[in-house]
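K.L.:
Here's a sequence, model it:
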Amino acid sequence: SVVGLGLVVACIAGPASADVKIAFIDPLSGGGAATGILAQKTHQFYIDAINAAGGLNGEKLELLPFDNKVNPQESLIQLKRALDEGARYVVQGNGSSVALAITDAVQKHNERNPGKEVVFLNYAAVDPALTNEKCNFWHFRFDADADMKMAAMTDVIARDTKIQRVYLINQDYSFGKAVAVAASKMLAQKRPDIKVVGDELHPLQKVNDFSPYVAKIKAAGADTVITGNWSNDMVLLIKAGKDSGLRVVWETYYGGSPGAVTAIGEAGVDTLKQVSEWHRNATPELDATVAAFSKRFPGKENEYTYWRAKTMWEMFAMAAKKAQSNDPVKVA
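P.N.:
Model (predicted):
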């Protein structure tokens, strides 16, 4: 169900003296910046809607941005800064290695600091471990995990008899490894006739030219590529494929990363696919949220992406209203 946060959004960067401070810890520079900046705009959009509707239990929210450069150690430094500045909620999504570091740090902080607890709202870090062996009371994920998405993706692949040779290429960190493991396992279960002709891991957000990787994909004779790449790693991989004339179906988690669709152009029709949350009215003509966001943030780099953020902030507002408090423990 949808809680009406209000569709008229105040054009403000955050109240001067907010009652509830929310730390946003994500990449705002480097290879992941395009994705992080779009996410920041999305969260600000919903926070502004809550504030315009009177705030949360009468208190205003403020989003405090911290650049972590997709680095777990840097994220912990930024988390300490955020806590020192009075943040009681932490929002993060880009990079499961970062999320794993944050969830551990938040749990330890809360154990050591009763009365100053922090809640972690995860909108996009999808390593299954985060809600399995690393599950804890303080962490809430609003996105389907890597295994859930791969289950959907391989259900579709299993019905496509044209797919015979699959190449796996992923970022070398916890999420990328989870994608590769899930793909191999589920393809073997659902389509044992499919041959996995490559299983490649590459450095996270550090590759500037993917043409050597594309050459390997070509040489392997792949007809389909499965990848969890996001942000720059998605855009540059797609671009290298197009520039080399690689003819494959791209089965992706984040093919809609800012710039990826533009990079592939018309060649992406029926070949660039993404598994993601969506709903039938998700067009500017039919969904007021998309229209309002597009008006506030025009341009292709700002195409509305994060439906899970809408879910997250509506659930957050509902929880605070039900708790009749903005205290993180009661909201959790």
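
K.L.:
For stretch 178-194, the averaged confidence score.
P.N.:
If you average the pLDDT over stretch 178-194, you get 98.

K.L.:
which parts of it are buried?
P.N.:
Under the neighbour-count criterion of 16 or more other CB atoms under 10 Å, stretch 178-194 has 178-184, 186-187, 191, 194 buried. All C-beta spots, glycine's among them, are computed from the backbone N, C-alpha and C.

K.L.:
With distance to Ile238 added, can I get those residues in a markdown table?
P.N.:
As requested, those are arranged in a markdown table below (distance: CB to CB, whole Å):
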| residue | distance to Ile238 |
| --- | --- |
| Ala178 | 21 |
| Val179 | 17 |
| Ala180 | 19 |
| Val181 | 23 |
| Ala182 | 22 |
| Ala183 | 18 |
| Ser184 | 23 |
| Met186 | 23 |
| Leu187 | 22 |
| Arg191 | 24 |
| Ile194 | 22 |
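
K.L.:
Now the residue nearest the centre of the chain: closest residue in space, sequence neighbours ignored.
P.N.:
Geometric centre of the chain, nearest residue: Ala124, 3.1 Å, by CA atoms, centre = their mean. Nearest non-adjacent residue to Ala124, counting by CB to CB, 6 or more residues apart in numbering: Gly93, 2.9 Å away.

K.L.:
Tell me which stretches of this structure form strands.
P.N.:
Secondary structure of the chain (DSSP state E): strands at 20-26, 61-67, 89-92, 119-122, 139-141, 165-171, 195-202, 224-227, 249-252, 272-274.

K.L.:
what's next to the third one, contact-wise?
P.N.:
Residues outside strand 89-92 that contact it (CB atoms under 8 Å, 6 or more residues apart in numbering) are 20-26, 43, 63, 68, 75, 79, 82, 98-99, 102, 106, 118-123, 125, 328.

K.L.:
do that again at 7 Å, thanks
P.N.:
Strand 89-92 is touched from outside by 22-26, 43, 79, 82, 98-99, 102, 106, 118-123, 125, 328, with contacts defined as CB atoms under 7 Å, 6 or more residues apart in numbering.

K.L.:
pLDDT weak spots in the stretch 1-150 of the chain?
P.N.:
Across the stretch 1-150 of the chain, the ranges flagged by pLDDT under 70 are 1-18.

K.L.:
What ranges does it have for its helices?
P.N.:
Using DSSP state H, counting those that start in this stretch, the helices of the stretch 1-150 of the chain run over residues 33-52, 72-84, 96-112, 146-158.

K.L.:
Would you mind finding the most buried of these?
P.N.:
Comparing those by mean neighbour count (mean count of other CB atoms under 10 Å), helix 33-52 ranks first with a mean of 22.

K.L.:
can you list the residues that contact that helix?
P.N.:
Residues contacting helix 33-52 (CB under 7 Å, 6+ apart): 5-6, 8-10, 12, 15, 24, 26-28, 56, 60-61, 63, 65, 91, 93-94, 230-231, 257-259, 293, 296-297, 301-302, 305-306, 309-310, 313, 317.

K.L.:
closest to Ser174 out of the helices of the stretch 1-150 of the chain?
P.N.:
Closest approach to Ser174 among the helices of the stretch 1-150 of the chain (CB to CB): helix 96-112, 4.6 Å.

K.L.:
and the angle from the closest one to strand 165-171?
P.N.:
Orientation of helix 96-112 against strand 165-171 (axes from the mean of the first three to the mean of the last three CA atoms, to 10 degrees) gives an angle of 50 degrees.

K.L.:
How far does helix 96-112 sit from its chain's centre?
P.N.:
Distance of helix 96-112 from its chain centroid, counting by CA atoms, centre = their mean, to the nearest Å, is 18 Å.

K.L.:
Ok, stretch 304-321 next?
P.N.:
For stretch 304-321, the distance to the chain centre is 14 Å (CA atoms, centre = their mean).

K.L.:
buried sites along it?
P.N.:
In terms of neighbour count (16+ other CB under 10 Å), stretch 304-321 has its buried residues at 304-310, 312-314, 316-317, 319-320.
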